[in-house]
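*Asks:* sequence unknown, structure follows:
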């Protein structure tokens, strides 16, 4: 099973102070150089306004992100959570047997085991009979209820709802992917925010299980971790997480049951939507109350190891993001922070490409701001964001290795500003193509078979 833990509070405070200080220094440097390099009539007002707004937003988000703390339950709330029935929904489709067994073993190694695990093989091409028999026996020994069903391929949502139907007594549903390797405290930690009756969903934090495979997986691990512990942490402080990670999340059972029909029957431009399931469930949860992240609920998941697989996965996510943006703007209340956060993201996406060209192709030749400054400042900001990567520790991943991955921050920024930005626009323009795009066959094999646990 995974062994991961958040760093202590002191490093978070130190990193927050360092990050804000560096941001302030970068901002003052930009304004100073701009003032000395501007045209005779003075620097362009739009340039200063742009940088002020950008640094203001980054500082605000940084403060919010570092304000996030793991949710805790009082004794009465914890007692209620201990009595609650927790069912785990595990849809399986063309998963490598090694990853699947690793996932299921991690569920049984929890300090707070689930009450039931419901596995649905959604018409895979893989024969899982050995894994099924092993898991049934392991659950019987652990006192955990289990069901394992095989159906024709109908999609992840149908598989999740079929699994949920086997747990009418469940108070909470945990949704995980079939390659998820949970930290031993993941289930217990994921449940604690539900002691607050306003909380409807909880997102866990996911790292790349195969981060050491190659440069792509290292960058993915950095990018994914930094996004969760900056953007989503800031959202969580205000109870407005917009998208949970499908790899590891929990919902009040009513969120799934009350919206089952809409969840299964979602269409966009007349076509059924089969992806973006995690963001759809998060939207349902947000319409009922608070959606938060539990930074101490940690897990590992297999990430694409080839460029082709990575781009197909990202394109699916981009198309799902475009569809979900439409639903959020339509259904989220205007009085809530989540609506305006989504509106701000839409505005940023719409203007990001134009601002990128303006800054790097127009500003250096008109306002006179040196090109080196326009390259150095984003690099500095990428490292400020990446500092959050140091707030999570994993077994066998010492600090020097974390620092080596953190050094890749400018590369991940460049990839995001160019390739992923282009893919985002292409995904938005082609979001009516609602096919899954991956997992038509086993795409990631576990290089070292897991030991039975």
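*Replies:* Looks like it arrived, so ask away. Everything numeric in this text was worked out from a predicted model, so none of it was measured.
*Asks:* how far away is residue 270 from residue 328?
*Replies:* 20 Å (CB to CB, to the nearest Å). All C-beta spots, glycine's among them, are computed from the backbone N, C-alpha and C.
*Asks:* between the two, which has more neighbouring residues?
*Replies:* Neighbour count, other CB atoms under 10 Å: between residue 270 and residue 328, residue 328 has more, with 23 against 6.
*Asks:* where does that one fall, phi/psi-wise?
*Replies:* When read as degrees, to the nearest 10, the backbone of residue 328 gives phi -60, psi -40.
*Asks:* ok, now which ones touch it?
*Replies:* Residues in contact with residue 328 (CB atoms under 8 Å, 6 or more residues apart in numbering) are 242, 283, 338-339, 342.
*Asks:* one more: residue 177?
*Replies:* 91, 103, 246-247, 301.
*Asks:* pLDDT-wise, what's the bottom of those?
*Replies:* Lowest pLDDT among those: residue 246, with 88.
*Asks:* next secondary structure after the helix or strand hosting residue 130?
*Replies:* Using DSSP states H and E, residue 130 sits in helix 129-142. Going down the chain from helix 129-142, the next helix or strand is strand 145-151, by DSSP H and E.
*Asks:* list the contacts of that next one.
*Replies:* Residues outside strand 145-151 that contact it (CB under 8 Å, 6+ apart) are 115-123, 132, 135-136, 139-140, 158-159, 162-163, 166.
*Asks:* okay, and which of these map to strands?
*Replies:* 116-122 (DSSP state E).
*Asks:* possible to save those as JSON lines with distance to residue 429, pLDDT and neighbour count?
*Replies:* Listed next are the ones in strands among the contacts of strand 145-151 as JSON lines, based on distance: CB to CB, whole Å; pLDDT from 0 to 100; neighbours: other CB atoms under 10 Å:
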{"residue": "116", "distance to residue 429": "43", "pLDDT": "98", "neighbour count": "20"}
{"residue": "117", "distance to residue 429": "40", "pLDDT": "98", "neighbour count": "27"}
{"residue": "118", "distance to residue 429": "38", "pLDDT": "98", "neighbour count": "25"}
{"residue": "119", "distance to residue 429": "37", "pLDDT": "98", "neighbour count": "26"}
{"residue": "120", "distance to residue 429": "33", "pLDDT": "97", "neighbour count": "27"}
{"residue": "121", "distance to residue 429": "35", "pLDDT": "97", "neighbour count": "24"}
{"residue": "122", "distance to residue 429": "29", "pLDDT": "95", "neighbour count": "24"}
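*Asks:* would you turn these into JSON lines with distance to residue 74?
*Replies:* What follows is the ones in strands among the contacts of strand 145-151, written out as JSON lines (distance: CB to CB, whole Å):
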{"residue": "116", "distance to residue 74": "27"}
{"residue": "117", "distance to residue 74": "29"}
{"residue": "118", "distance to residue 74": "31"}
{"residue": "119", "distance to residue 74": "34"}
{"residue": "120", "distance to residue 74": "36"}
{"residue": "121", "distance to residue 74": "41"}
{"residue": "122", "distance to residue 74": "40"}
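*Asks:* buried sites along stretch 265-272?
*Replies:* 266, 268 (16 or more other CB atoms under 10 Å).
*Asks:* ends of it, how far apart?
*Replies:* The first residue of stretch 265-272 is 7 Å away from its last residue (CA to CA, to the nearest Å).
*Asks:* one more: stretch 89-101?
*Replies:* 15 Å.
*Asks:* quick one: which of the contacts of residue 328 is the most crowded by neighbours?
*Replies:* residue 283 (24 neighbours).
*Asks:* so it sits in a strand?
*Replies:* No. Under DSSP: H, G, I helix; E, B strand; the rest coil, residue 283 sits outside any strand and is assigned helix.
*Asks:* these two touch, right, it and residue 323?
*Replies:* No. Using CB atoms under 8 Å, residue 283 is not in contact with residue 323, being 10.7 Å away.
*Asks:* mind checking how far the biggest strand by length in the chain is from the chain centre?
*Replies:* Criterion DSSP E: the longest strand present in the chain is strand 290-301. Centroid separation for strand 290-301 versus its chain: 9 Å, with CA atoms, centre = their mean, to the nearest Å.
*Asks:* same check on stretch 398-407?
*Replies:* With CA atoms, centre = their mean, you get 21 Å for stretch 398-407.
*Asks:* buried residues in it?
*Replies:* By neighbour count with 16+ other CB under 10 Å, stretch 398-407 contains the buried residues 402, 405-406.
*Asks:* what's the per-residue pLDDT of residue 48 here?
*Replies:* 60.
*Asks:* correct me if wrong: residue 198 contacts residue 292.
*Replies:* No. The pair residue 198 / residue 292 is not scored as a contact, 9.4 Å apart, by CB under 8 Å.
*Asks:* next, the buried residues of stretch 99-114.
*Replies:* 99-110, 112-114.
*Asks:* overlap in contacts, residue 198 and residue 292.
*Replies:* residue 239.
*Asks:* of the contacts of residue 177 - the most surrounded one?
*Replies:* That'd be residue 103 among those, by other CB under 10 Å, with 30 neighbours.
*Asks:* pretty sure that one sits against residue 174.
*Replies:* No. Counting by CB under 8 Å, residue 103 stays clear of residue 174, with 12.0 Å between them.
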